[in-house]
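Engineer: Predicted model and sequence below, questions to follow.
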Amino acid sequence: MSIVDNAIEITHVTFSYGPNTALRDINLIVREGESLGIVGPNGGGKTTLLKLILGLLVPKEGRIAIFGKPPARITKEIGYVPQYAGFDRTFPITASEVVLMGRLGLGKLFPSYSKADRQVVRETMEDVGVWSLTNRRLGSLSEGQQQRVLLARALATRPRLLILDEPTASVDKVAEKEIARLLRELRRRITIVMVSHDLELLDECVDRLVYVNGQLEAHTPTYYGG
């Protein structure tokens, strides 16, 4: 299997928080263009695994390659939507300003935005269905609208890999359906890795599942009573 065909290669990775081993001997390959769902119990290491892929954590043992490079060298090609993005709801930032933040760091020496950046932001917000909210303050939006804005921010980097941690947590049914629709469209274009407890969303939007609880196994329905 050629390394250029793989979006993610994780080889014998172990990670510990102090004396507590969170993940042990993780091996995983995600092909470029594949959509992977990650399931498992709370505290089982799912978010830790995402942070290792993102380069936010460094494994105690083993190796991680993203498109053949160490995670820290490929961050500009990864979009990330965290499980919960805490922010001050009174902070005067608009939806489009949040999405513009996705353009920061893309080879820029100073935090300024070009006409091309703003065009990418408009196109991304239109794709995600939030362009009509462009001048609305983020704190005034519903949780579903906020989640779509954060998804637009992640996509504004034009990533090759999209990482999502519980993208439908705390949103209503209407927002769940809209996010599922977006992810079905996105999976045709980019590699997706998603943690979720929403089995209906996973069934619609990923090619395969893995189960993480300290170690990694192929998922079978018995884990969730399915």
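Structural biologist: Arrived safely. Numbers count the residues shown, from 1 in each chain.
Engineer: Okay, buried residues for stretch 187-197 please.
Structural biologist: For stretch 187-197, the neighbour count (16 or more other C-beta atoms under 10 Å) marks 187, 190-196 as buried. In this view, the C-beta of every residue, glycine as well, is placed from N, C-alpha and C.
Engineer: Those residues in strands, which ones?
Structural biologist: 191-195 (DSSP state E).
Engineer: and which of those residues is nearest to Ala72?
Structural biologist: Val193 (17.4 Å; C-beta to C-beta).
Engineer: pretty sure the closest one contacts Arg160?
Structural biologist: No. At 11.8 Å, Val193 and Arg160 do not qualify as touching, with contact defined as C-beta atoms under 8 Å.
Engineer: Show me the residue at the heart of this structure, geometrically.
Structural biologist: Ile163 (1.9 Å; C-alpha atoms, centre = their mean).
Engineer: before we move on, what SS does that one have?
Structural biologist: strand (DSSP: H, G, I helix; E, B strand; the rest coil).
Engineer: quick one on the thing from earlier: now the buried residues of stretch 187-197 as a markdown table including distance to Arg148 and pLDDT?
Structural biologist: As requested, the buried residues of stretch 187-197 are exported to a markdown table (distance: C-beta to C-beta, whole Å; pLDDT from 0 to 100):
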| residue | distance to Arg148 | pLDDT |
| --- | --- | --- |
| Arg187 | 17 | 88 |
| Ile190 | 17 | 94 |
| Thr191 | 20 | 97 |
| Ile192 | 16 | 97 |
| Val193 | 19 | 97 |
| Met194 | 15 | 96 |
| Val195 | 18 | 96 |
| Ser196 | 16 | 94 |
